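K.L.:
here's a sequence, model it:
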Amino acid sequence: MLSSVALVAGLCGTARAQNPWADQVVSYTSGVLASPAYNDPANAVGSPERYTGEGQWPGAVTPFSSPWLPNELVGIGVGGSLVMRFDEPVTDDPLNPFGIDLLIFGNAFYVSDLAEDTTSGSMYSASDQGVIEVSQNGTTWFPITGARPDHLFPTLGYVDVTHPFTSPHGLIPTDFTKPVNPAFDAAGLNLAQIVAAYDGSGGGTGVDLAGTGLSSISYVRITYLGTSGDLQIDAMSDVSPVPAPAGVVVLGAAGLLATRRRRMSHAH
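P.N.:
Below you'll find the predicted structure:
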């Protein structure tokens, strides 16, 4: 007999992927003018960085202090590209917050140009010349419009950081599978206000698959079309859907169980 616990679990909506990160480097071309120290594409596999600068200038990752070590990022220079693969497909899920399905993390950060931890919204290392494309099979590609890699929103490693350049680890990690509200604007805000507006998210550029017409993708390609410098990528993640309301799920489960009991009683 199906238990109520199992039934509720089965009705809770789309399950969170066991491994939400990009799993494999398919191809990498460093391009021209990319920093030779940032040429390991394997750095884009797995989770984004929460803490950076170990052994030199250590600090928690905040929207004012991004990852920067060569073993944390991969650089894509002029004409270069990076193709990553997810073992578990990233789906265009209607339960995903704000319609965002994929997050891409780089090393852009807000400039403290109004005070030590307050920004006008200007960013350093952000690139408008990167292109994101997605694919189901690694052969046929679909461009993403309205989103650029290594752009909005800078990575936040911990919810409880209190200083933009803090060295201690935080105690409450952010969720790297939860997107920032796309309407968020950091102009005139300090660190505490930015952290509050992130609402537990770890940041990252949000990608909505709806415009591609694809129900899911397994491959992501990032290409740099700039004429100088490079862009740098830390990680990619599959967004976690918002669970169905618990009350609705429990009532639905109870109803199904009651229906089964009635059918069994009529059988006798």
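K.L.:
strands along the stretch 51-200 of the chain, start to end?
P.N.:
Ranges of strands in the stretch 51-200 of the chain, per DSSP state E, counting those that start in this stretch, are 51-52, 59-60, 74-77, 81-91, 102-106, 109-110, 118-119, 123-124, 130-135, 142-143, 189-190.
K.L.:
least confident of these, on average?
P.N.:
Considering the strands of the stretch 51-200 of the chain one by one, the lowest average pLDDT is found for strand 123-124, at a mean of 92.
K.L.:
what pairs with it, parallel or antiparallel?
P.N.:
Applying DSSP bridges, strand 123-124 is found paired with strand 109-110 (antiparallel).
K.L.:
beta-bridge partners for the closest residue to Y110 other than its chain neighbours, please?
P.N.:
Sequence neighbours aside, T119 is the residue nearest to Y110 in space, at 4.0 Å (criterion: Cβ to Cβ, 6 or more residues apart in numbering). (Each C-beta comes from the backbone N, C-alpha and C, glycine too.) Bridge pairing for T119 (DSSP bridges) gives the partners L189.
K.L.:
what residues are up against T119?
P.N.:
Under the criterion of Cβ atoms under 8 Å, 6 or more residues apart in numbering, the contact list for T119 reads 64, 110-113, 186-190, 194.
K.L.:
nearest spatial neighbour of the residue nearest the centre of the chain, skipping sequence neighbours?
P.N.:
Nearest residue to the geometric centre of the chain (Cα atoms, centre = their mean): L103, 2.8 Å. Nearest-residue entry for L103: G204, 3.4 Å, with adjacent residues in sequence omitted and distances by Cβ to Cβ, 6+ apart.
K.L.:
shouldn't the one you found be in contact with D150?
P.N.:
No - with contacts defined as Cβ atoms under 8 Å, G204 does not count as touching D150, sitting 10.2 Å away.
K.L.:
anything in contact with each of those two?
P.N.:
Among the neighbours of G204, those also in contact with D150 (Cβ under 8 Å, 6+ apart) are I104.
K.L.:
show the end-to-end separation of stretch 66-77, please.
P.N.:
Stretch 66-77 stretches 19 Å from its first residue to its last (Cα to Cα, to the nearest Å).
K.L.:
nope, stretch 190-207 is what I meant
P.N.:
Counting by Cα to Cα: the opening and closing residues of stretch 190-207 are 26 Å apart.
K.L.:
list the buried residues for that stretch?
P.N.:
190-191, 194-195, 197-198, 201-207 (16 or more other Cβ atoms under 10 Å).
K.L.:
for these, give me CSV that also has distance to D160.
P.N.:
Converted to CSV, the buried residues of stretch 190-207 look like this (distance: Cβ to Cβ, whole Å):
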residue, distance to D160
N190, 15
L191, 12
I194, 14
V195, 8
A197, 15
Y198, 12
S201, 14
G202, 13
G203, 15
G204, 19
T205, 24
G206, 24
V207, 28
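K.L.:
Y158 is in contact with R50, correct?
P.N.:
Yes - in terms of Cβ under 8 Å, R50 counts as a neighbour of Y158; the distance is 6.5 Å.
K.L.:
common neighbours of these two, please.
P.N.:
Any residue near both R50 and Y158 by Cβ under 8 Å, 6+ apart counts here, and that gives 60, 169-170, 173-174.
K.L.:
can you map out the helices along the protein?
P.N.:
Along the chain, counting by DSSP state H, helices occupy 4-11, 191-198, 246-267.
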